[in-house]
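Student: the amino acid sequence is not available; the structure is as follows:
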């Protein structure tokens with residue numbers, strides 16, 4: 001499965017004067033990267049690929065890390081659950097580029 005998720009703290013001192021939450025996001029991304037699971041981070045979401053239990057454990061730990069930066073955490077999560085498939089984090093993009101003729 002692939003999970004795309006975004007975390008943001010609120011209600012605490014984590015927000016800089018410009019509203020930035022980059023330190024909290026960095027704490028979450030660090031957990032994802034240290035998990036060893038295939039992952040990718042963009043400006044809006046982090047994607048992680050693996051089996052249900054291992055992916056959800058990473059999301060949970062990342063959420064807990066962001067929770068250290070505020071009294072609330074907002075989590076947006078989208079999952080592509082496709083049993084028996086792996087390597088889809090790159091595979092889906094490769095098929096898209098092929099369809100585009102790139």
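Tutor: Yes, it's here. Predicted model only: the values in this text are computed from it and were never measured.

Student: can you tell me how far residue 45 is from residue 10?
Tutor: 18 Å (Cβ to Cβ, to the nearest Å). Placement of C-beta: from N, CA and C, glycine included.

Student: buried residues in the lengthiest helix in the chain, which are they?
Tutor: Longest helix of the chain, by residue count under DSSP state H: helix 52-67. For helix 52-67, the neighbour count (16 or more other Cβ atoms under 10 Å) marks 55, 56, 58, 59, 62, 63, 65, 66, 67 as buried.

Student: swap in stretch 83-94?
Tutor: Residues 88, 89 are the ones in stretch 83-94 that count as buried (16+ other Cβ under 10 Å).

Student: same question for stretch 4-14.
Tutor: By neighbour count on 16+ other Cβ under 10 Å, the buried set for stretch 4-14 is 4, 5, 7, 8, 9, 14.

Student: surely the first one touches residue 46?
Tutor: Yes: counting by Cβ atoms under 8 Å, residue 4 touches residue 46, with 7.2 Å between them.

Student: give me the common contacts of those two.
Tutor: Shared contacts of residue 4 and residue 46 (Cβ atoms under 8 Å, 6 or more residues apart in numbering): none.

Student: who does the most centrally placed residue in the chain bridge with?
Tutor: Centroid-nearest residue in the chain, with Cα atoms, centre = their mean: residue 46, separated by 2.9 Å. Residue 46 has these beta-bridge partners by DSSP bridges: residue 5, residue 41.
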